[in-house]
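Colleague: Got a predicted model here, sequence first, then my questions.
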Amino acid sequence: MSRRGCAASPARRSARWGCATWRAWTTGNATIAAVLNAAALRSGLATASQLGVGRQRRAQPIRVGFTYNVKRSHDGDDEAEWDPPETIIAIANALARQGHIVVHLEATPDLPRVLAEADVDLIFNIAEGVEGRNREAQVPALCELLGIPYTGSDSATLAIALDKALGKKVLLQHDILTPKFQVMESARERLSPDMRFPLIVKPNAEGSSKGIGSTSVVDTEDELRAAVKVCVERYRQPALVEEYIAGREFTVGLLGDKRPRVLPPMEIKFKKDTKRPVYDFAVKQEWEEHVYYECPARLTEAEQKAMEKIARATFWALDCRDVARVDMRMDPDGRIYVLEVNPLPGLTPGYSDLVLIAQAAGMEYDQLIAEIMVGGLRRMKDKRREERELEREREAQSKDLAKLADKDKSEKKRTVAKLSPAAAA
Ligand SMILES: Nc1ncnc2c1ncn2[C@@H]1O[C@H](COP(=O)(O)OP(=O)(O)OP(=O)(O)O)[C@@H](O)[C@H]1O
Ligand SMILES: [Mg+2]
């Protein structure tokens, strides 16, 4: 039987953990927890049930299922969004250092079966998924189906954010400025007269700057049609055509849930004096040659406040959870445009934008991973509390039913005694 359904289920176990126990376990020190609990019992400061140290209620670490896609090929950009083994090891180690048991779960088509049997308490999710514009939503949707809490945004947010045009519609609905755009499914479509060159062409549902290169910024209809054709044929999806925003580029990291913490904006500074700089695929591969980062970015107080406000509004508009990164450009008139939202940002140590931002904000890698975990842990506890309440209700109902049945039995006995005293005797 899986540990999920057995008598000492994780739900019941952790709910009874005392504070000291909880903190000590999460820092990986069970011995300290045991000593503290023993002292509290001896001095009468707490009862065994308050501390959850009853015989069957032995505290256990949390089993964290870690879902990811491993990058095995570096040819082309097919697996560009997937994570290299070094990143996976770094995250797994950070989780283990927090005292969790890490269960590795590669997000292959086998995952539904493996996850159903994995008996995990919580999922730490960085899986990009396998195919299609809903691919980032695949693991969260599976967790929702199986009732397993997980870190990060839910399936709806991940699907909408990956479909850039859909995400931009949500932003516009919330009066958040984003470059004017048009979706083209083929190179033959008419360009809207509202659109002003230069334009930039990118696949509608890719990340890591896949499909963005030296021919993506276009000045004429011929160039536009050529770029759309390459994009549609190569990535088998519509092309997103946007007005190119000249100006400085920034990315802003957020951590938390209802009231996310906005980390200091980071500016992407281009080393070469290019006419229209783009943080494209080639630049991201050889970033040291092309860019450097400034975090916190040099901004006036008003600009910084405006950027933080837009980042937070974007996070809320898309209903993000736990972590996100918002990419922006500021034009020469100081207008700030949201280019896109990344609710599943890269976490490669020393490389990914969010990790660099966290570092600049004085956060160690382990702390960044721990902060992403906070929301997942809270949802896990909420779920366990609901399960306990439901169980209590069920127990109360069955007690009531038993009482009713007893009452019914004695009434029947009394009736029989009245009608036929001899039989009753
Ligand atoms: N409308 C635009 N105007 C100016 N530059 C743009 C525009 N859209 C994209 N870019 C440039 O292209 C880069 C990549 O675009 P975008 O962030 O949309 O792609 P992505 O593949 O989702 O990237 P990632 O997921 O790695 O953040 C931007 O960082 C920016 O430099
Ligand atoms: Mg981006």
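Modeller: Arrived safely. Numbers count the residues shown, from 1 in each chain. Ligands and ions are numbered 1, 2, ... in the order given.
Colleague: Output the contacting helices and strands for the longest helix along the chain.
Modeller: Secondary structure of the chain read by DSSP state H shows that its longest helix is helix 365-419. With contacts defined as 3 or more C-beta pairs under 8 Å, 6 or more residues apart in numbering; DSSP states H and E, the secondary structure elements packing on helix 365-419 are helix 10-15, helix 85-97, strand 122-125, strand 248-256, strand 322-330, helix 353-360, helix 421-424. Every C-beta, even on glycine, is put in place using the N, C-alpha and C of the backbone.
Colleague: Swap in 6 Å and give it another go.
Modeller: For helix 365-419, the contact count by 3 or more C-beta pairs under 6 Å, 6 or more residues apart in numbering; DSSP states H and E identifies helix 10-15, helix 85-97, strand 322-330 as packing neighbours.
Colleague: what are the pairing partners of the last one, and which direction each?
Modeller: What it means is strand 322-330. Paired with strand 322-330 in the same sheet, following DSSP bridges, are strand 248-256 (antiparallel), strand 336-342 (antiparallel).
Colleague: just the angle between that strand and helix 365-419, please?
Modeller: For strand 322-330 against helix 365-419, the angle by axes from the mean of the first three to the mean of the last three C-alpha atoms, to 10 degrees is 140 degrees.
Colleague: Pull the contacting residues for Leu240.
Modeller: The contact partners of Leu240, by C-beta atoms under 6 Å, 6 or more residues apart in numbering, come to Lys164, Ala165, Phe181, Lys202, Asn204.
Colleague: residues contacting the third one?
Modeller: What that stands for is Phe181. So, once contact is read as C-beta under 6 Å, 6+ apart, Phe181 ends up touching Lys168, Leu240, Glu242.
Colleague: Filter these down to just the ones in helices.
Modeller: Where the contacts of Phe181 overlap with helices, as defined by DSSP H, the overlap consists of Lys168.
Colleague: of all the contacts of Phe181, which comes closest to ligand 1?
Modeller: Using C-beta to the nearest ligand atom, Glu242 is the member of those that lies nearest ligand 1, at 3.9 Å.
Colleague: for that closest one, which residues make a bridge with it?
Modeller: With beta bridges defined as DSSP bridges, Glu242 has these partners: Phe181, Ile200.
Colleague: any idea how far Ala405 is from Ala417?
Modeller: 19 Å (C-beta to C-beta, to the nearest Å).
Colleague: Val139 too?
Modeller: Distance, Val139 to Ala417, by C-beta to C-beta: 65 Å.
Colleague: can you check Arg392 too?
Modeller: 38 Å.
Colleague: These two: which has the busier surroundings?
Modeller: For Arg392 and Ala417, the more surrounded residue by other C-beta atoms under 10 Å is Ala417, and the numbers stand at 13 against 10.
Colleague: where does the more buried one land on pLDDT?
Modeller: Reading off the confidence values, Ala417 has pLDDT 80.
Colleague: Spell out which residues of the chain are next to ligand 1.
Modeller: Contacts of the chain with ligand 1, taken as C-beta under 6 Å from any ligand atom, map to 179, 200, 202, 206-210, 212, 242, 244-245, 249, 278-280, 327, 329, 339-340, 342.
Colleague: so Ala311 makes contact with Arg261?
Modeller: No. Shown here, Ala311 and Arg261 do not form a contact pair, counting by C-beta atoms under 6 Å, at 10.5 Å.
Colleague: which of these two has more neighbours?
Modeller: Taking neighbours as other C-beta under 10 Å, Ala311 and Arg261 compare with Ala311 leading, 27 against 12.
Colleague: ok, that one - contacts?
Modeller: Contacts of Ala311 were listed using C-beta under 6 Å, 6+ apart, and they are Val252, Leu254, Val262, Val326.
Colleague: helix, strand or coil for it?
Modeller: Classification of Ala311 into helix, strand or coil gives helix, according to DSSP: H, G, I helix; E, B strand; the rest coil.
Colleague: ok, it to ligand 1 distance?
Modeller: If you measure Ala311 against ligand 1 using C-beta to the nearest ligand atom, to the nearest Å, the figure is 14 Å.
Colleague: 59 is where my numbering starts, stick with that
Modeller: All right, first residue 59 from here; so that's Ala369.
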